[in-house]
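> predicted structure and sequence below. I'll ask about it afterward.
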Amino acid sequence: MRKKRLTKRLILYFSVTLILFALIMGSVFSWLFTHYNQHAHEEETMQRAMTLAAAIPAMKDSGQFLDAADEAVDDEGRDRTAPMMRHGHHGRMMHQGAQENGSVNREMDWCRKQYSVHDSAGKEPANRAGEFLQQLDSLAQGKVWLVAEKSHTILAYGDNTGEERGQLPVPVNEVLQQVFAGQTAVSHDFGDLLDTPAVTVGAPIKDKEGNVVGAVLIHRPLEELQNTINGGIRLLALSVVLALLLAGMLAVLLARRFIRPLYRMQHVSQAFAQGKYDERTGIRQQDEIGMLAADIDMLGSKLAQAEQERAELSRKRQDFLAAVSHELRTPLTVLRGTVELLFSGLVTEKAERQKYLNQVMSNLSALERLVGDLLELTRLRNTGFSVGKEPLNLCDAFAEAAEQMQTAAGQKNLQLLVDFDGPLPIEGDYGRLRQLMLILLDNAVKFSAVGGEILLQGRRQGRNWQVVVEDHGCGIAPEELPHIFDRFRTNRQRNEQGTGLGLAIAREIAGRHEIAITCESELSKGTKFILTGILPMAKIEQ
């Protein structure tokens with residue numbers, strides 16, 4: 001279950017995001033769809049009203065309905081100036097308008113007439129008004145009110161025939177004012193007056209001279225529009241549900257595809273923890289996961305390299321311990337044998353006892369040098385150990401070392417030549433640099449033939465400088481040359497008095513002073529140690 005936790009979380013996040021997106025998109029779409037349909041509905045109704053208003057003046061019998069006379073005449077020629085109050089929804093409209101405006105103002109009263117093609121007995125006489133208004137309703141595909149401006153008469157087709165008088169409600173009055181001013185008008189406030197939600201548009205009817213003589217009002221119920229909108233929203237909801245189902249399935253597949261590389265990287269990490277550093281992810285993706293996988297593979301390579309270096313270091317440590325043990329065992333064995341011989345009382349001659357005592361002192365000196373060199377090398381290899389540096393002339397330190405080696409060189413009748421073309425100012429430890437040169441000169445004296453020559457030469461070229469210690473001794477075999485700076489790699493047949501640590505110490509001292517040390521040698525021709533470095537900018541002399 002724990003392995004599935006991230007997968008479930010990804011699916012949950014993806015699903016929540018999709019649901020929120022669907023809700024937001026659905027809400028915005030519903031709002032836009034509703035407003036678009038309402039606007040289209042209004043535009044269509046307005047276009048019909050304008051078309052009808054333009055066509056009415058040319059219709060037969062339209063003139064008598066738009067007559068400006070104060071008294072209206074029905075299609076049978078009878079006077080209908082007396083109000084006839086009805087109680088249909090149009091009657092309530094006029095009655096409500098009268099109540100809202102207080103006492104009736106006869107000059108501002110309006111007369112509403114409603115016609116039908118049937119008479120009260122259910123017969124079908126020739127009712128031109130009803131047929132005319134029914135025709136207008138059919139053309140407009142809605143409820144049409146024909147309004148005469150001067151006669152203050154509103155004509156409509158309906159079952160509740162008769163007429164009513166009274167003041168207009170505010171919504172009707174506002175629409176008619178705009179229309180009689182020559183403008184088109186739209187209103188949504190007729191719903192309560194018509195007992196059903198509807199949109200009402202009005203357009204002016206003009207005579208041949210362009211004067212407004214009346215108005216046509218078209219009422220279209222919003223029920224059909226609302227049904228269309230509801231149908232569209234249902235289709236949208238169904239589409240969103242299907243999209244969510246498909247997206248959910250896709251989310252599962254994508255989540256698994258996303259998690260699979262993570263499982264692989266987890267497996268490789270566990271292999272690394274078990275020491276299997278050759279394991280690799282094998283993931284090649286140009287994204288963050290691919291970058292992480294590449295880093296893990298690189299980590300594996302680094303760990304494998306570190307393991308090899310650790311094994312090599314362990315082997316070298318074992319070799320070092322074995323070499324130290326061997327180096328210590330030889331003088332200790334000699335010391336033990338000599339001391340036991342002296343304690344046994346078998347040696348009674350004074351001269352012979354002195355010989356054995358000298359042998360003890362010689363082995364003790366060898367042990368002292370070995371222990372001293374081990375401590376020196378250990379300190380130099382310790383990263384926490386630092387050498388004190390100060391401005392000095394490298395030639396002075398090297399010349400003093402050469403002076404100290406003159407006695408040893410004289411014992412073998414060797415000429416030790418020193419040649420510096422000028423001072424070599426650097427920053428370093430005077431004693432350590434002198435020790436470095438003593439090690440190199442000591443090796444040159446040891447391996448030079450009697451009566452030979454040793455050259456210590458220093459040269460500088462701009463910021464670079466080079467010091468060479470060259471002898472003409474037995475040389476070094478090519479197979480030994482790469483390892484001469486390793487510990488205990490001295491040739492015991494050629495250097496019986498050496499500890500095998502001198503050149504290793506020399507390399508550490510050179511490294512502490514950022515000096516490169518190399519060696520060139522040929523058997524039976526001699527050896528050349530080369531020191532190279534860079535002078536500080538402030539120390540360059542013109």
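Done, it's in.

> distance between stretch 241-249 and the chain's centre?
Here stretch 241-249 is found 28 Å from its chain centre; the criterion is Cα atoms, centre = their mean, to the nearest Å.

> kindly report the same for stretch 150-168.
Relative to its chain's centre, stretch 150-168 lies at 73 Å (Cα atoms, centre = their mean).

> same question for stretch 21-31.
With Cα atoms, centre = their mean, you get 29 Å for stretch 21-31.

> equivalent analysis for stretch 439-448, please.
Relative to its chain's centre, stretch 439-448 lies at 63 Å (Cα atoms, centre = their mean).

> same check on stretch 466-479?
Using Cα atoms, centre = their mean, the mean C-alpha position of stretch 466-479 is found 59 Å from that of the whole chain.

> same question, stretch 437-457
From the chain centre to the centre of stretch 437-457 is a distance of 65 Å (Cα atoms, centre = their mean).

> what does stretch 523-535 give?
Put simply, stretch 523-535 sits 55 Å off its chain's centre (Cα atoms, centre = their mean).

> for stretch 358-377, which positions count as buried?
363, 366-367, 369-370, 373-374, 376-377 (16 or more other Cβ atoms under 10 Å). The C-beta positions use only the backbone N, C-alpha and C, and glycine is treated the same way.

> can I get those residues in CSV with pLDDT, secondary structure and distance to residue 23?
Listed next are these as CSV, based on pLDDT from 0 to 100; DSSP: H, G, I helix; E, B strand; the rest coil; distance: Cβ to Cβ, whole Å:
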residue, pLDDT, secondary structure, distance to residue 23
363, 78, helix, 94
366, 75, helix, 91
367, 80, helix, 89
369, 74, helix, 88
370, 75, helix, 85
373, 72, helix, 82
374, 77, helix, 79
376, 76, helix, 79
377, 75, helix, 76
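
> elements contacting the lengthiest helix in the chain?
Longest among the helix segments of the chain by residue count, using DSSP state H, is helix 288-344. Contact partners of helix 288-344 among helices and strands, from 3 or more Cβ pairs under 8 Å, 6 or more residues apart in numbering; DSSP states H and E: helix 223-273, helix 350-381.

> distance of residue 524 from residue 449?
According to Cβ to Cβ, to the nearest Å, residue 524 and residue 449 sit 10 Å apart.

> please disregard the earlier target; I meant residue 149.
From residue 149 to residue 449 the distance is 141 Å (Cβ to Cβ).

> out of the two, which sits in the busier spot?
Ranked by neighbour count (other Cβ atoms under 10 Å), residue 149 and residue 449 place residue 149 first, with 18 against 14.

> that one contacts residue 211, correct?
No: Residue 149 lies out of contact with residue 211 (Cβ atoms under 8 Å); the separation is 9.4 Å.

> for residue 205, see how far away the residue nearest the centre of the chain is.
Nearest to the geometric centre of the chain sits residue 288, at 8.2 Å (Cα atoms, centre = their mean). Residue 288 sits 72 Å away from residue 205, going by Cβ to Cβ.

> mind giving me the domain ranges of the chain?
Domains of the chain are assigned by automatic domain parsing as 59-221, 288-379, 386-539.

> and the next helix or strand past the helix or strand of the chain with the lowest mean pLDDT?
Every helix and strand in the chain was compared by mean pLDDT, DSSP states H and E; the lowest is helix 89-100, with a mean of 43. Downstream of helix 89-100, the next assigned helix or strand under DSSP states H and E is strand 110-115.

> helix/strand/coil for residue 218?
strand (DSSP: H, G, I helix; E, B strand; the rest coil).
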